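S.K.: Attaching a predicted model along with its sequence, questions to come.
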Amino acid sequence: MAEAMCIFTIIGSVIATGISIAICRVSRRGTPTDTAPRRLLVPLCKCNMVPVLLMKLSVLVLVGIITFSTNRYCSCVHNSLGLDDELVGRNACPAAREWFVMVRVFLFMLAFDVFVPSVLFFCILKSRASRRLFRNVRPQREKAAEDDYRWWQRCCQTCCECSSLMTCYMFGGQRITAARYVDVAIALTTFFEDRGALDIVPSDVAAALVCLMTIQRQKQIDCRNELLKEGGGIYAKDKKFLGKLWSTIKVSKVNSRRQEQKLLSMDIESGISKQNDDPNLSGSNQQHFEEAVDKQSLSDSEQRDEVESNDLLQTHTSSSNNLTDEELANVLAMLNSSDNEIISNVRFNEERQDGEMTFRPTVRRKLDEENSFDRQVLSEGARYCRVALAAYSWMMYLWTSRCIGCCELSAITLCELCMCRPRYCRSRDHVKGDNVCAWKQTSVLKTLGIKERDFLFANFRNDVNVCPYIILVDRRCRNILIVIRGTLSFEDMISDVTINPDPLDEVGDEFGFDGIGEFCHRGMLEAAKYVHDDMEARKVLHNAFEDHPEFNLRIMGHSLGAGVAAVLGLMMRKEYPQLRCLCFSPPGCVFTERTVKESKEYIWSYVLHNDIIPRLSYQSLANLRNDVIEMIARIKVPKHQVFAKNMR
């Protein structure tokens, strides 16, 4: 029987290997849209699914019978002969030998290899049977839409539940009910609705994305070459663009000269200190050196005045965009001669013309350290970026502290226990939703290096459309800070995907702004309402400004928290006219266009280079989806050739 089992297993392995090789070879034929060369793929997959599965099931049953029979034979031998000698027992019973252990391992692996495809096959049969059973109950189009909706809902729920279980609920997910996936399922069903016209697989999407990146890179190169073309190319006729470019280059030159003057003044000051420290310096030489320094300082002040007047002139020129013939000749000559200075002041933005993707050069506005507004933007962003990240509490602290973070938090908790004054034994009305060891509050205090008296309130409770937030005091800059946490849990992810727009008409009437015809991200609007209502119910902000009436209000957040902070700032703008919102990497789908323009006065956004989150919106995703579908239709070679060519 053992020999028959081996022969049967070898034959089955050879057949399965041959079918797998045939599937690989057939799947390399054709293109994503030309499926005729791959028409044999479906019968091969069915053959691999059913006959091979039955063959593996037969081998599994056969190996199980042999293993069970061998174990019974060995027990019978031991009971009948009473063999106590281990060597004699091993020779008499094959189950006691080492090679039989490999048979048990093979049995376990084969059982797993049969169980998983069997479950999938059963699920497919059940789904098809249910479709045939209810085919005539509803119209086909309505049935397809509802099936897609339920499919997305099941997928999202299964994905969140499995991920939560695998992460031991460290990132939440245990309180999400099935009803919470409704908005997500509706949004995904609407976004991917194709009415049965598409039949693509993930590898098709990957090939299309690779081709899209190559095309975008080539279009950027073409746009750059057109800009640097002799005579300025097509952009030589765009006087507005050339005017902005010329004024920006002049400002950059002025800034570079100003930096050189600062370095020169620093060298002179160091020379003065050296002259004063040198006891061998004669009086006449000392006097001559001081006169030279006075002349240099006078010339520097005159140059500074001239620079400031030039800045005003450049601002006027930039606003009017009227170039003289001499300035036009200079900027065209610069385009023809040197590209380094031009490219450093130009970026290439994507535009849509009749649904087609193009690139157009735009002038960068570089921040100026001599500009008071630019200095304020940079200083507040540098000061409060750590505050926005501190809202992620102990997880961010462990990530930034690496190996010692857990030890530090544990040591602090242990020390407070030894001193008989742990945080959870004290009055903690100002902290909600923290764990028993108060790690969230402790990590915020440790990250920012502040005292507990500056920690006014925190609500770490997290749910769908409910974001944790912290209220702090910045005594140095005289600000009250509202810090809203970004995406960290599965509940936050559902809030992110709840992208359906909500009208701002009623919200505008309630909070005193013009919201007629304007819309907002639903998940962020609900989260902002929760934060506002919670603060009003607890009177936290009211008490803070009673203690510090001369302080200003700053609302900040990162990622999802940045979007919620922007909405909250819009709601509280009338009550606190001096508030300012600092949004670090805010999503690009918070408000509609008019509200975005009106909120520029008090909302400052900080974007890191090519971060995808600030560029993420429903329209951008829709454009990407359409480009991918179009690119799949345009691919005329097999997908493996696309990957091979772009991986070189």
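M.R.: Structure received.

S.K.: Run through the stretch 51-200 of the chain and note the low-pLDDT ranges.
M.R.: Along the stretch 51-200 of the chain, the model assigns pLDDT under 70 to residues 51, 77-101, 127-145, 194-199.

S.K.: now the strands for it?
M.R.: Counting by DSSP state E, counting those that start in this stretch, the stretch 51-200 of the chain has no strands to list.

S.K.: do the same with the chain
M.R.: All strands of the chain, identified by DSSP state E, fall at 346-353, 356-363, 431-432, 455-459, 469-474, 479-484, 501-503, 519-521, 552-558, 580-584, 603-606.

S.K.: Which one, of these, ends up nearest to residue 150?
M.R.: Of all these, it is strand 501-503 that lies closest to residue 150, at 23.9 Å by C-beta to C-beta. For every residue, glycine as well, the C-beta is placed using N, CA and C.

S.K.: what's the closest one in contact with?
M.R.: The set of residues external to strand 501-503 that reach it, using C-beta atoms under 8 Å, 6 or more residues apart in numbering, is 515, 518-522, 525, 592.

S.K.: Could you rerun that using 6 Å?
M.R.: 519-520, 522, 525 (C-beta atoms under 6 Å, 6 or more residues apart in numbering).

S.K.: From those, pick the one nearest residue 28.
M.R.: residue 522 (44.7 Å).

S.K.: Redo the strands of the chain as TSV? Include distance to residue 386, mean pLDDT and mean neighbour count.
M.R.: Shown next, in TSV, are the strands of the chain (distance: least, C-beta to C-beta, whole Å; pLDDT from 0 to 100; neighbours: other C-beta atoms under 10 Å):
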stretch	distance to residue 386	mean pLDDT	mean neighbour count
strand 346-353	28	73	13
strand 356-363	32	74	16
strand 431-432	20	88	17
strand 455-459	15	93	21
strand 469-474	12	95	22
strand 479-484	10	96	24
strand 501-503	32	91	15
strand 519-521	26	93	22
strand 552-558	11	95	24
strand 580-584	10	95	25
strand 603-606	13	94	20
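
S.K.: Looking at those, spot the one closest to residue 59.
M.R.: Residue 59 lies closest, by C-beta to C-beta, to one member of the strands of the chain: strand 356-363, at 54.4 Å.

S.K.: ok so, going back, okay if I get the strands of the chain as JSON lines plus distance to residue 381?
M.R.: As requested, the strands of the chain are exported to JSON lines (distance: least, C-beta to C-beta, whole Å):
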{"stretch": "strand 346-353", "distance to residue 381": "20"}
{"stretch": "strand 356-363", "distance to residue 381": "22"}
{"stretch": "strand 431-432", "distance to residue 381": "28"}
{"stretch": "strand 455-459", "distance to residue 381": "22"}
{"stretch": "strand 469-474", "distance to residue 381": "14"}
{"stretch": "strand 479-484", "distance to residue 381": "14"}
{"stretch": "strand 501-503", "distance to residue 381": "29"}
{"stretch": "strand 519-521", "distance to residue 381": "23"}
{"stretch": "strand 552-558", "distance to residue 381": "10"}
{"stretch": "strand 580-584", "distance to residue 381": "7"}
{"stretch": "strand 603-606", "distance to residue 381": "5"}
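
S.K.: With respect to residue 192, which of the ones you listed lies nearest?
M.R.: Among the strands of the chain, the nearest to residue 192 by C-beta to C-beta is strand 501-503 (18.3 Å).

S.K.: if you skip the residues just before and after it, what's nearest to residue 646?
M.R.: Counting by C-beta to C-beta, 6 or more residues apart in numbering, residue 210 is the residue found nearest to residue 646 once chain neighbours are left out, at 4.9 Å.

S.K.: The one you found contacts residue 645, correct?
M.R.: No - using C-beta atoms under 6 Å, residue 210 is not in contact with residue 645, being 8.8 Å away.

S.K.: And the two? Which one has more around it.
M.R.: residue 210 (18 against 12; other C-beta atoms under 10 Å).

S.K.: Excluding sequence neighbours, find me the nearest residue to residue 114.
M.R.: residue 56 (5.0 Å).

S.K.: Mind listing what's buried along stretch 588-598?
M.R.: Residues 588-592, 595, 598 are the ones in stretch 588-598 that count as buried (16 or more other C-beta atoms under 10 Å).

S.K.: Now flag whichever of those residues is closest to residue 179.
M.R.: Nearest to residue 179 among the buried residues of stretch 588-598, with distances taken as C-beta to C-beta, is residue 589, at 23.5 Å.

S.K.: That closest one: what's it in contact with?
M.R.: The contact partners of residue 589, by C-beta under 6 Å, 6+ apart, come to 521, 617-618.

S.K.: right, and residue 530 touches residue 466 too?
M.R.: Yes - Residue 530 is within contact range of residue 466, at 5.2 Å (criterion: C-beta under 6 Å).

S.K.: contacting residues around stretch 567-581?
M.R.: 511-512, 524-525, 528, 531-532, 552-555, 565-566, 602-603.

S.K.: Tell me which two in these are the farthest apart.
M.R.: Using C-beta to C-beta, the pair of the contacts of stretch 567-581 lying farthest apart is 525 and 552, separated by 24.8 Å.
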